[in-house]
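> can't give you the sequence, but here's the structure:
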């Protein structure tokens, strides 16, 4: 007896159930989280805090993120990743809900906000490696880069929309309700991630303990020159970009561009550029993944240079848009390289080392931005930021594996990496 014909899926072949759930859940949480960043700052100010108190609350999130990232990566490769993600979302939901209740009741104190924000950062430390590992393992075949581009386009769009919506909601109904909406977003996203299908995920083989897992992840990370070279590059680049964006940018805007509104507009153009860059990467598939991606990191120096001049607002917006586009080219290329080169059972630990390198120096750089301005002047400090980005990016291009790593369609198995199907010679340092 013939079976009834199945309804054709409206999703493309590469957008499977897990991928679609992960993308939708990431959109929801990013929308809420970027609004909550605005709300948290205004919540601190409404309780009588100043700029230093806002910085303390922000640092309270970053510190546990740095401290627990590597442990989070080991946990995510030891336990089912979707359970780690759901548990982290639950922690974020509870902490943001408590934050919202305290703000709405008028009982919030600085130490309350620091503690609850630190709990949120702890949740993020466990969530991020698990989420990246889950996403990378949810996509197969030569359409992986397109899938990652669409995912990042959704993420960046939610970031831009969330910040704008959050600012409007803070002005209309107050920061407490925006924090409550973020708690609800975590609850919704956690529920969606609970429905991930993990039946096809390979069973985790028992390891020799947490320290052994961390050492194994380190060997996987340190044995690939292209991997650790790019992470070191972005450890430095992210640090100086954070100093320029968080400290120098608002000061330049206040003194030369007309205040906060033009700076907010420039940041909006950067966000729009990231969306455009992700859209570009749904069509463009550079064969030399990391070469194309690393060349697109050079424009990351342009915003610091533009602020050093400083250029008019229209020029700054154009610079920020171009930077957003090119940075997204790197982002998609980087995810594609990790997907094809890292064994599935080690994805979260490698992602943890990647995340750790990306954020480890950010608190130090933002703390030193003020003293550097006092010692050398703001203009010199900004030119120094731009120069450092150019130097470290040029240095990464000296690594042969970065120039030679090429796109392939065969997926890496848990047994280890294989030679690229379309390289002229095997890429060195891949085990």
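On my side now, so go ahead. Note that the structure is a prediction, hence the values are computed from the model and not measured.

> any low-confidence regions in the stretch 151-300 of the chain?
Regions of the stretch 151-300 of the chain meeting the criterion pLDDT under 70 cover residues 200-208, 260.

> let's see that with 80 instead.
By pLDDT under 80, the weakly predicted segments of the stretch 151-300 of the chain are 163-164, 166-168, 171, 198-214, 245-247, 250-251, 254, 259-261, 263-264.

> all helices for it, in order.
All helices of the stretch 151-300 of the chain, identified by DSSP state H, counting those that start in this stretch, fall at 175-193, 210-222, 225-243, 249-252, 260-281, 289-295.

> same thing with the stretch 301-431 of the chain?
Listed in chain order, the helices of the stretch 301-431 of the chain (DSSP H, counting those that start in this stretch) span 302-308, 313-341, 347-359, 362-376, 378-396, 400-404.

> in CSV: the ones you listed, plus mean pLDDT.
As requested, the helices of the stretch 301-431 of the chain are exported to CSV (pLDDT from 0 to 100):
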stretch, mean pLDDT
helix 302-308, 94
helix 313-341, 91
helix 347-359, 85
helix 362-376, 82
helix 378-396, 94
helix 400-404, 92
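
> could you dump those helices to CSV with mean neighbour count?
The way it works is simple: take the backbone N, C-alpha and C, and place the C-beta from them, glycine included. CSV is the format used below for these (neighbours: other CB atoms under 10 Å):
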stretch, mean neighbour count
helix 302-308, 23
helix 313-341, 22
helix 347-359, 25
helix 362-376, 16
helix 378-396, 19
helix 400-404, 17
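
> which one of those lies nearest to residue 102?
Closest to residue 102 of the helices of the stretch 301-431 of the chain is helix 362-376 (CB to CB; 24.8 Å).

> format the helices of the stretch 151-300 of the chain as CSV; extra columns: mean neighbour count.
Formatted as CSV, the helices of the stretch 151-300 of the chain follow (neighbours: other CB under 10 Å):
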stretch, mean neighbour count
helix 175-193, 23
helix 210-222, 16
helix 225-243, 22
helix 249-252, 20
helix 260-281, 20
helix 289-295, 22
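
> out of these, which comes closest to residue 103?
Closest approach to residue 103 among the helices of the stretch 151-300 of the chain (CB to CB): helix 175-193, 3.7 Å.

> how does this protein divide into domains?
Following the assignment in the TED database, the chain carries domains at 14-197, 210-408.

> next, the distance between the ends of the longest one.
Pointing back at domain 210-408 there. 33 Å (CA to CA, to the nearest Å).

> so how far is it off the chain centroid?
Relative to its chain's centre, domain 210-408 lies at 11 Å (CA atoms, centre = their mean, to the nearest Å).

> returning to what we had before: so which of the helices of the stretch 151-300 of the chain comes closest to residue 309?
helix 249-252 (9.5 Å).

> helices or strands up against the closest one?
helix 260-281, helix 302-308, helix 378-396 (3 or more CB pairs under 8 Å, 6 or more residues apart in numbering; DSSP states H and E).

> identify the residues contacting the shortest one?
Outside of helix 302-308, the residues within contact range by CB atoms under 8 Å, 6 or more residues apart in numbering are 240-241, 244-245, 248-249, 252, 270, 315-316, 319-320, 322-323, 378-379, 382-383, 385-386, 389.

> next: the longest one.
With contacts defined as CB under 8 Å, 6+ apart, helix 260-281 is touched by 145-146, 148-150, 152-153, 156-157, 159-160, 163-164, 245, 249-250, 252-254, 257, 303, 313, 316-318, 320-329, 331-333.

> okay, the angle between it and helix 313-341?
40 degrees (axes from the mean of the first three to the mean of the last three CA atoms, to 10 degrees).

> heads up, I number from 845, so please use that
That works, and once the first residue is 845, the last one we named lands at helix 1104-1125.

> wait, doesn't residue 1251 sit right on residue 1183?
No: in this structure, residue 1251 is not within contact of residue 1183 by CB atoms under 8 Å, at 10.4 Å.

> quick one: low-confidence parts of the stretch 845-994 of the chain?
Along the stretch 845-994 of the chain, the parts satisfying pLDDT under 80 run over 845-860, 881-882, 885-886, 889-891, 893-903, 984-988.

> all strands for it, in order.
Applying DSSP state E, counting those that start in this stretch to the stretch 845-994 of the chain gives no strands.

> that one: helices as residue ranges?
Going by DSSP H, counting those that start in this stretch, the stretch 845-994 of the chain shows helices at 861-890, 895-922, 925-949, 954-981, 988-1017.

> got JSON lines for these, with distance to residue 1122 too?
Below are the helices of the stretch 845-994 of the chain laid out as JSON lines (distance: least, CB to CB, whole Å):
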{"stretch": "helix 861-890", "distance to residue 1122": "12"}
{"stretch": "helix 895-922", "distance to residue 1122": "24"}
{"stretch": "helix 925-949", "distance to residue 1122": "22"}
{"stretch": "helix 954-981", "distance to residue 1122": "14"}
{"stretch": "helix 988-1017", "distance to residue 1122": "4"}
